[in-house]
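Novice: model the following, please.
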Amino acid sequence: MAARSGTSLAGHRSARLSHSLSGTNSVRTGDYNQRTVLNAIRRAGETTRTKLAAQTGLSTPTVVGIVTRLVELGLVVPLDKIRGRRGQPAKRMGVAADGAYGVGLNIDRDHLTLVVVDLAGDVRWRRTVETAFALPDAVVTFAGEAVAAALAETAIDPARILGIGVAVPNDLGRIVLPYQPADYDGWDYADLPAMFAAFGWPVYVDNDAAAAAMGEAQSEVAFEEASFFYLLVSAGLGGGLVIDRTFYRGATGRSGEIGLMPDDGSGGPTVQDVVSISALLDRLEAAGLPRDVDDALADAMSVIDLWIDDAVRTLTAPLIAVTCLMNPAAVVIGGRLPQQLIERLASGLRDTIDRADLPFSPIVRPAAMADHAPALGAAIIPFLDRLLPSDSILIKPDDARQSTSESAPIGAPSLRATRATSSSEGGVGSSSPGRSASSGIPGAVLPIGSSMARSFAPSVIFSRAGIDASSSDRTVTTSEVADRRRGT
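Specialist: As a prediction, the model looks like this:
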């Protein structure tokens, strides 16, 4: 039914209903405002206090106090003053790229990738190994050796690593793919947080499509698209729905399962039986060609052309449903397909959806972070939990067992901060160092205005045999996120 004429509430804060009955307090408000100012500086690259006040809606004295605290924490650095204008030269500041890091690990059926990302969002180190159906012990060995190499080859301070995000497909051992070994179902019983507890950092486990979507939401392109659907083409097929820059998980954490939808295009029982790298490799093998997509770009374009056509046909109905039900600004396609194939898939879907005569057609584009997107997104998750803003920071979790990494899954809905009384607005001069933003709630993190000794994880010592580190004094314990392995 068409919407009634009149003033639309779309985009207005008054149109948003909270799912929580919890209010907020001065500590949460101060923490949120600090995170908002840091995010504004991070996105701008460099800025001034006056611009920050105008952008965030906070008073100039509050911004000055927050910036002073962020400089003390090593998260922001002062830059040269802007001269050549009348009056006092404006003080500039920028984000301290080395102020914090996140480690991201992507576990998939055909590869393992580990990245280290800095506070500015740049990849400081990356390693990928092409390996089929790696078992848990092999993954732990890979991660230990990769992190040790990253610290040995760079100037990264392990004490400033906020945590390690682990992106893994849902039902990793349960959904059987060709050539999958019998013991691969051991992943169904693996305790992923415990596997990586020896790092001594908080461990965040999420599904690969969710991690990719959360990482994409931090890109400059996606920041202008408050709502989008992320399509991850990997060994399987996953999806992630971002609404108002918040990742939507659904009632049981299984939103976005587009790959498990029935295929009405007669190409296979489910959508991912047609649209996945595994499905493409099966076609190459059936044509007597090696199971290698890169080689096929030169020798098997006819097979690829047919697969693209079938993939577009198979995805059209599900994406039309997503468009009509969720009204996303964009459909974003990422994954380990070669970039030219992602572009062809996006182009084909764009043309097909445009011809469907829908009330609204979303942009269909390749992801800004298409290559190794789950690993990059996983590395962003610790930042989202520990340093970047989210509406959920302002409210008490509904369940004391809920970890902050789940309650604050995505970046800020906007760069507007929360107005409060002068004593709590900035959370700088009024809060004592080391005070918890939500004292007594398991899994709570300290506000970024707290002492660096408590805000960052302990150093890690690596031995030739693997990793050996103290896991004490963590703000998010691995046991508190043990039940977070869900999604695709």
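
Novice: tell me which element V166 falls in.
Specialist: For V166, the host element (DSSP states H and E) is strand 161-168.

Novice: so what does the helix or strand following that strand touch, helix or strand wise?
Specialist: Where DSSP H and E defines the elements, the next helix or strand beyond strand 161-168 is helix 192-195. Helix 192-195 sits against helix 136-153, strand 203-207, with contacts defined as 3 or more CB pairs under 8 Å, 6 or more residues apart in numbering; DSSP states H and E. Every C-beta, even on glycine, is put in place using the N, C-alpha and C of the backbone.

Novice: which of the ones you listed sits most buried?
Specialist: For those, the largest average neighbour count (mean count of other CB atoms under 10 Å) is found in strand 203-207, namely a mean of 31.

Novice: give me the neighbour count for V275.
Specialist: Using other CB atoms under 10 Å, the number of residues around V275 comes to 29.

Novice: three-state assignment of it?
Specialist: coil (DSSP: H, G, I helix; E, B strand; the rest coil).

Novice: can you tell me the element the residue nearest the centre of the chain falls in?
Specialist: Centroid-nearest residue in the chain: M214, 2.9 Å away (criterion: CA atoms, centre = their mean). Taking DSSP H and E as the criterion, the element that holds M214 is helix 208-217.

Novice: output the below-cut-off pLDDT ranges for this protein.
Specialist: Low-confidence segments of the chain, defined by pLDDT under 70: 1-22, 81-89, 222-223, 265-268, 370, 396-488.

Novice: what's the single longest helix in it?
Specialist: Longest helix in the chain, counting residues (DSSP state H): helix 301-326.

Novice: ok, and what's touching the helix or strand following that one?
Specialist: Downstream of helix 301-326, the first helix or strand assigned by DSSP H and E is strand 330-335. Strand 330-335 is contacted by residues 212-213, 216, 222, 225, 228-234, 277, 319, 322-323, 342, 345-346, 349, 353, 362-370, 373 when judged by CB atoms under 8 Å, 6 or more residues apart in numbering.

Novice: can you select the buried ones from these in PyMOL?
Specialist: In PyMOL, a selection of the buried entries from those looks like this (16 or more other CB atoms under 10 Å):
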select buried, resi 212+213+216+222+225+228+229+230+231+232+233+234+277+319+322+323+342+345+346+349+353+362+364+365+366+367+368+369+370+373
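
Novice: in helices, which of the contacts of strand 330-335 fall?
Specialist: 212-213, 216, 222, 277, 319, 322-323, 342, 345-346, 349, 353, 373.

Novice: using a markdown table, lay out those together with distance to V76.
Specialist: A markdown table is the format used below for the ones in helices among the contacts of strand 330-335 (distance: CB to CB, whole Å):
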| residue | distance to V76 |
| --- | --- |
| A212 | 28 |
| A213 | 28 |
| E216 | 25 |
| A222 | 24 |
| I277 | 41 |
| L319 | 41 |
| V322 | 39 |
| T323 | 40 |
| I342 | 36 |
| L345 | 40 |
| A346 | 37 |
| L349 | 41 |
| I353 | 43 |
| A373 | 28 |
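
Novice: show me what counts as buried in the longest helix of the chain.
Specialist: Buried residues in helix 301-326, counted by 16+ other CB under 10 Å: 303-304, 307-308, 310-320, 322-323.

Novice: again with stretch 256-266
Specialist: Buried residues in stretch 256-266, counting neighbours by 16+ other CB under 10 Å, are found at G256, E257, I258, G259, L260, M261, D263, G265.

Novice: chain center to it: distance?
Specialist: Offset of stretch 256-266 from its chain centre (CA atoms, centre = their mean, to the nearest Å): 24 Å.

Novice: please save the CA atoms from it in CSV.
Specialist: The C-alpha coordinates for stretch 256-266 follow below in CSV (Å, rounded to 0.1, in the frame of the first residue of the first chain):
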residue,chain,number,x,y,z
GLY,A,256,21.2,-12.1,6.2
GLU,A,257,21.2,-15.8,5.4
ILE,A,258,20.6,-15.2,1.7
GLY,A,259,22.7,-18.2,0.7
LEU,A,260,20.4,-20.6,2.4
MET,A,261,17.3,-19.3,0.6
PRO,A,262,15.7,-21.8,-1.9
ASP,A,263,16.7,-21.2,-5.4
ASP,A,264,13.7,-20.5,-7.6
GLY,A,265,15.9,-20.1,-10.6
SER,A,266,16.2,-23.9,-10.9
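
Novice: residue numbering should commence at 29 henceforth.
Specialist: From this message on, residue numbering opens at 29, which makes the last subject stretch 284-294.

Novice: my guess is Y207 meets F161, correct?
Specialist: Yes. Using CB atoms under 8 Å, Y207 makes contact with F161 at a distance of 7.4 Å.

Novice: give me the more crowded residue out of these two.
Specialist: Using other CB under 10 Å, the more surrounded residue of Y207 and F161 is F161, with 18 against 13.

Novice: would you enumerate the residues in contact with the more buried one?
Specialist: Listed by CB under 8 Å, 6+ apart, the contact partners of F161 are R137, Y207, Q208, P209, Y212.

Novice: switch to 10 Å and redo it
Specialist: By CB atoms under 10 Å, 6 or more residues apart in numbering, the contact set of F161 is 136-138, 200-201, 205, 207-209, 211-212, 215, 263.

Novice: which of those residues are buried?
Specialist: Buried residues within the contacts of F161, counting neighbours by 16+ other CB under 10 Å: D136, R137, D138, L200, G201, L205, Q208, Y212, W215, A263.

Novice: can I get the residues you listed in JSON lines including distance to G316?
Specialist: Below are those laid out as JSON lines (distance: CB to CB, whole Å):
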{"residue": "D136", "distance to G316": "26"}
{"residue": "R137", "distance to G316": "23"}
{"residue": "D138", "distance to G316": "21"}
{"residue": "L200", "distance to G316": "30"}
{"residue": "G201", "distance to G316": "30"}
{"residue": "L205", "distance to G316": "20"}
{"residue": "Q208", "distance to G316": "22"}
{"residue": "Y212", "distance to G316": "27"}
{"residue": "W215", "distance to G316": "32"}
{"residue": "A263", "distance to G316": "22"}
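
Novice: between those, which is closest to R414?
Specialist: Using CB to CB, D136 is the member of the buried ones among the contacts of F161 that lies nearest R414, at 25.7 Å.

Novice: do you know how far that closest one is from Q208?
Specialist: From D136 over to Q208 the distance is 12 Å, taken as CB to CB, to the nearest Å.

Novice: go on, S418?
Specialist: Counting by CB to CB, the gap between S418 and Q208 amounts to 37 Å.

Novice: A160 too?
Specialist: On the measure of CB to CB, A160 and Q208 end up 9 Å apart.

Novice: intersection of neighbour lists for these two?
Specialist: The contact sets of A160 and Q208 overlap at R137, A263 (CB under 10 Å, 6+ apart).

Novice: hang on, the earlier thing: quick check, nearest of the ones in helices among the contacts of strand 358-363 to A183?
Specialist: Checking the ones in helices among the contacts of strand 358-363 against A183 by CB to CB gives A401 as the nearest, at 26.1 Å.

Novice: the closest one against A238, yeah?
Specialist: No. Using CB atoms under 10 Å, A401 is not in contact with A238; the gap is 11.0 Å.

Novice: can you pull the residues that touch both of those two?
Specialist: Joint contacts of A401 and A238 (CB under 10 Å, 6+ apart) are A195, Y258, L260.

Novice: return the residues in contact with the last one.
Specialist: Right, the one you point to is L260. Neighbour list for L260: 195, 197, 235-241, 244, 266-268, 284, 286-287, 304, 360-364, 395, 398, 401-402, 405, 516 [criterion: CB under 10 Å, 6+ apart].
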